[in-house]
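Colleague: Take this sequence and fold it.
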Amino acid sequence: HILDRLTKAEEFERFLHKNYVGQKRFGLEGGETLIPALDTLLENGPSLGVHEIVLGMAHRGRLNVLANILRKSYAYIFHEFSENFIPDTLHGDGDVKYHLGFEANLRNSRQEHIRLFLAANPSHLEAVNPVVEGRARARQRILNDTENRRKVLPVLIHGDAAFAGQGIVSEVLNFSQLPGYRTGGTIHFVINNQIGFTTDPSEARSSLYCTDVAKMIEAPIFHVNGDDPQAVVRAMDLALEYRQQFAKDVVIDMLCYRRHGHNESDEPAFTQPTLYQKIKDHPSVCEIYAKKLVQEAVLTEQEVGEIREKRQNALQRFYDEERALQARGERPQPAKDEALRQYQPDYAFDDVTTQV
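Modeller: Residues are numbered from 1 along each chain as shown. Predicted coordinates for the structure are as follows:
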């Protein structure tokens, strides 16, 4: 299941990179383990009392989260990349695809319902953080959950440079335990790709870890290797259980890397030549994990290939669908009409989302 989530994430980024050359997408390559980590919240959240999740994040990996967690239509995402796409003005005239929000009603593999909100974020950094907390608190009031605050889970996905460098992060942490602001604890997930645009950590902060600012509220911090998906999933499990038990913030610092430049149109080797020579020669997390599963006889090479082929075929099918609609002067829908669709953990290619 974890390998399938990783394959979905990796193939999605590769497909965009191949078919939309030079377009900005702020890809997740190097940090694909975010997808199985978030998937864990969908699988295990309802059994621990979570009815809704309010997500907030910057631009890095947002398209992947929209497609593979909230199940926004692949065809519609491809349509947003096309040159003739004119964004609707609902979220602000001219806003870009990696800033948009979404909403989804899903079921996990145990047939448990869960509702997801991804907040729109017009900033390239983390202006959305307090918006997520306020939205989560409002949802808790709507669900009559103001005493325990366990039904609605706020989740913030951070960049390492932003977590250490943006004042808004420490401000939101500072408010987290106040009666007028608390939301029952937030799960903070840091995509720590060890670079901020072109800045090394040694030139960006004085502390050892980017997450040291979270020590101000004595939040537990898990430092975990992004190339070890099972460890990341386990850390997310622990974070979820801790939050539900103690109603406090918890932080996961996933150490990974950024395979391409900041927005795929710049060359990172100009500013970090040594680092990017190592990244160039480093296998993807999907390749590392697939090799591990084959060595442990969990899967065969053929089964690994079948998973990848199924994901590639699905992307191509939605791409062809979008091109056919474009040729007829039509455009795909962001989601199907059903307000609630089955969330399939295995080979779910159909769209199962509703847009805000």
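
Colleague: thought H158 was touching H188?
Modeller: Yes - using CB atoms under 8 Å, H158 is in contact with H188, at 6.1 Å. Every C-beta, even on glycine, is put in place using the N, C-alpha and C of the backbone.

Colleague: distance of S109 from N44?
Modeller: Taking CB to CB, to the nearest Å as the measure, S109 falls 11 Å from N44.

Colleague: Give me the more crowded residue out of these two.
Modeller: N44 (19 against 13; other CB atoms under 10 Å).

Colleague: Now for L118: which residues touch it?
Modeller: Counting by CB atoms under 8 Å, 6 or more residues apart in numbering, L118 makes contact with L55, G56, M57, R62, V65, L66, L70, G101, F102, E103.

Colleague: Lowest-confidence entry in these?
Modeller: Among the contacts of L118, G101 carries the weakest pLDDT, at 84.

Colleague: what about the nearest residue to it once chain neighbours are set aside, which SS state?
Modeller: Excluding the flanking residues, the one nearest G101 by CB to CB, 6 or more residues apart in numbering is A120, at 3.5 Å. The local conformation at A120, judged by DSSP: H, G, I helix; E, B strand; the rest coil, is coil.

Colleague: And the one 3 residues further on, by the same measure?
Modeller: Classification of S123 into helix, strand or coil gives coil, according to three-state DSSP.

Colleague: count of residues packed around it?
Modeller: Using other CB under 10 Å, S123 has 13 neighbouring residues.

Colleague: what residues are up against it?
Modeller: A58, H99.

Colleague: ok, it to H59 distance?
Modeller: Separation of S123 from H59 (CB to CB) stands at 9 Å.

Colleague: Report the set of residues contacting both of those two.
Modeller: In terms of CB under 8 Å, 6+ apart, S123 and H59 are both contacted by the residues H99.

Colleague: On the C-terminal side of the element among helices and strands of the chain having the smallest mean pLDDT, identify the next helix or strand.
Modeller: Scoring the helices and strands of the chain by mean pLDDT, DSSP states H and E places helix 74-81 at the bottom, with a mean of 84. The helix or strand immediately downstream of helix 74-81 is strand 102-107, counting by DSSP states H and E.

Colleague: helices and strands around that next one, which ones?
Modeller: With contacts defined as 3 or more CB pairs under 8 Å, 6 or more residues apart in numbering; DSSP states H and E, the packing partners of strand 102-107 are strand 113-118.

Colleague: What mean pLDDT does the strand it packs on get?
Modeller: Here the average pLDDT along strand 113-118 is 94.

Colleague: Give me the sheet partners of that strand and which way each runs.
Modeller: strand 52-57 (parallel), strand 102-107 (antiparallel) (DSSP bridges).

Colleague: chain center to the first one, what's the gap?
Modeller: Mean C-alpha position of strand 52-57 versus that of the full chain (CA atoms, centre = their mean, to the nearest Å) differs by 10 Å.

Colleague: So for the chain, the centremost residue is which one?
Modeller: Taking CA atoms, centre = their mean, the centroid of the chain lies closest to V65, which sits 4.1 Å from it.

Colleague: Run through the stretch 151-300 of the chain and note the low-pLDDT ranges.
Modeller: Along the stretch 151-300 of the chain, segments meeting pLDDT under 70 are nowhere present.

Colleague: show me where it has strands.
Modeller: In the stretch 151-300 of the chain, the segments counted as strands under DSSP state E, counting those that start in this stretch are 152-159, 187-192, 221-225, 250-255.

Colleague: Which one of those strands lies nearest to H79?
Modeller: Counting by CB to CB, H79 lies closest to strand 152-159 out of the strands of the stretch 151-300 of the chain; the figure is 24.8 Å.

Colleague: and the closest one, what other elements does it pack with?
Modeller: helix 34-44, strand 52-57, helix 129-142, strand 187-192.

Colleague: Do I have it right that H262 meets P268?
Modeller: Yes - here H262 reaches P268: they are 7.5 Å apart, a contact under CB under 8 Å.

Colleague: Out of the contacts of L118, which comes closest to Q326?
Modeller: Closest to Q326 out of those is L66 (20.0 Å), distances taken as CB to CB.

Colleague: Let me know the helix or strand that that closest one is in.
Modeller: According to DSSP H and E, L66 maps onto helix 62-68.

Colleague: gap between that helix and the chain center?
Modeller: In terms of CA atoms, centre = their mean, the centre of helix 62-68 is found 6 Å from the chain centre.

Colleague: Check what pLDDT G92 gets.
Modeller: At G92, pLDDT is 42.

Colleague: again with D337
Modeller: pLDDT recorded at D337 is 36.

Colleague: what does K18 give?
Modeller: According to the prediction, K18 has pLDDT 87.

Colleague: Please point out which parts of the one helix or strand it maps to sit buried.
Modeller: Using DSSP H and E, K18 sits within helix 2-19. Buried residues in helix 2-19, counted by 16 or more other CB atoms under 10 Å: 2-17.

Colleague: which one of those is nearest P36?
Modeller: Relative to P36, the closest of those is R5; by CB to CB it sits at 3.9 Å.

Colleague: what's the neighbour count on the nearest residue to the closest one once chain neighbours are set aside?
Modeller: Of all residues beyond its chain neighbours, the one nearest R5 is P36 (3.9 Å), with distances taken as CB to CB, 6+ apart. For P36, the number of neighbouring residues by other CB under 10 Å comes to 25.
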